[in-house]
Structure formats: C-alpha cells, structure tokens
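>>> mind folding the following:
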Amino acid sequence: MIASLGFDDLLAEAESVPVEGWDFSWFEGRATEQRPPWGYSRMLADRLAGSSATLDVQTGGGEVLAEALARAATVPAVLAATESWPPNAELARRNLAAFAARVAEIDDDAALPFAGGSFDLVASRHPTVVFWPEVARVLKPGGIYLSQQVGAGTVQELRDFILGPQPARGESADRVVARCEQAHRDRDRGLLRRGVSRRGGVVPVPVRAT
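A predicted model of the protein is given here:
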C-alpha cells in the first residue's frame, strides 16, 4: 500500500499525523532501527524507585516518564516536569496526571522554576539543549542527573543520503561529561563521579553530585 502512494499523497498523509508527544506508531512497518542492549525507560525506572523528588526536563508528552513510572517499584513523592511546546505540555499534564506530577511550561533554555536543591533525581531524554548550571543548582547533594543524549553522528547515513556528505553533529560523550563537571565546579567547586556508556550512538550519563 505504501509503495503505491505518490509523493503528494505521502506528504498529505504526513501532514495529517499528530506530532505531539513521543507517539511514533505511524512509522510501524515503515522504519527499522538498531536498539542498544540497554533501555532508557528501564534505567529511569530503577532510579525512580530510589528517588523521593524527581524532575524530568523537556518531557515531551510525558510518555517516556509515564512508562518509567509504571515500571518503577515505587513512585517519588514529589514529581515535576518541564516542556517548552504548549501542545506537548498539555499532553504531558494528561499523561502524568495519575502520578500527581506538576508540569511547568518553560523555554528549553530558561531557568528552571524550582528552588535550589529540590530534587535528588533530574532526568532528560534527548534534550534539545542542556542548561548545566540549572541542573546542578536544583540537584540535592548526592543527587543524580540521568540523561540520554543524542550522540555525535546520529542518523548520519540518513543525512548523507538526503543532503550529501555532512560533518558529524552532536557532542561527544567526553564533551557532555566535561560540561556536567564544569557546571558542578561552578556551583560549589566539588567533583562529580560519573559513568558513561557510548553504545548505540547515544550517551546515557548518570552524574552524581557530591
């Protein structure tokens, strides 16, 4: 059926598909991807179980956070999220209502509207930009920042196919960690203990503040 559609038909179909949130079911049967051996939602669920106050930055429609919360053995007593796009923010409020989450609608590069030291876990999946000083500010001492970053060279083959050979984009794992550490040093001159995985072109970076 898909192969029989003309170019204009494909464009019309694409324009009719809702783009709010992280629902990519429209691509089912049309695209494949190689998944890494770990899963961000599972990693987040494990950390949610040990958290009393969690913030999810740039939550999208809240689907990934809601999935992790459903997996978690226990749910944090305090739960908040941020999102910059109004349709996504509204969707996140609906998806996270069962968990009594507060969703703040703010720009991606804006200061986080929370007091310093409010959270023992700050998470963010595929953030468009990371405001490292703000992440460090809202984390409690001993808190964790867990993020799945878009790695350098992600979908490189697709970009090269459409645009011709292109330079790799995105930050390396080492660069991400360096920016984390600098933000923490700027806050209180401490050090960070961190673990970094570079599998699959994506970088999960658990960062523990001392």
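>>> make it CA atoms for all contacts and neighbour counts henceforth
Will do.
>>> lowest average confidence, helix or strand, in this protein?
Lowest on mean pLDDT, DSSP states H and E among the helices and strands of the chain sits strand 192-194, with a mean of 37.
>>> grab the nearest non-local neighbour of S51.
Distances taken as CA to CA, 6 or more residues apart in numbering put P76 closest to S51, at 5.5 Å, once the chain neighbours are dropped.
>>> using the three-state scheme, assign that neighbour.
coil (DSSP: H, G, I helix; E, B strand; the rest coil).
>>> what's in contact with stretch 53-64?
Stretch 53-64 has contacts (CA atoms under 8 Å, 6 or more residues apart in numbering) with 20-22, 41, 48, 65, 76-85, 88-93, 95-96, 108, 118-125, 127.
>>> who are the packing partners of the helix of greatest length in the chain?
Using DSSP state H to define each element, the chain has its longest helix at helix 173-188. Applying 3 or more CA pairs under 8 Å, 6 or more residues apart in numbering; DSSP states H and E, one finds that helix 173-188 contacts helix 132-138, strand 192-194.
>>> so which bits of it are buried?
A173, V176, V177, C180, E181, Q182, A183, H184 (16 or more other CA atoms under 10 Å).
>>> now do that helix, average pLDDT.
In this model, helix 173-188 has an average pLDDT of 76.
>>> swap in stretch 70-77?
Mean predicted lDDT for stretch 70-77 stands at 98.
>>> which parts of it are buried?
Taking 16+ other CA under 10 Å as the criterion, stretch 70-77 shows R71, A72, T74, V75, P76 as buried.
>>> so what's the first one up against?
The reference is to R71. Contacts of R71 (CA under 8 Å, 6+ apart): R42, A45.
>>> confidence score at the most centrally placed residue in the chain?
In the chain, the C-alpha nearest the mean C-alpha coordinate belongs to R125, at 1.2 Å (CA atoms, centre = their mean). R125 carries a pLDDT value of 94.
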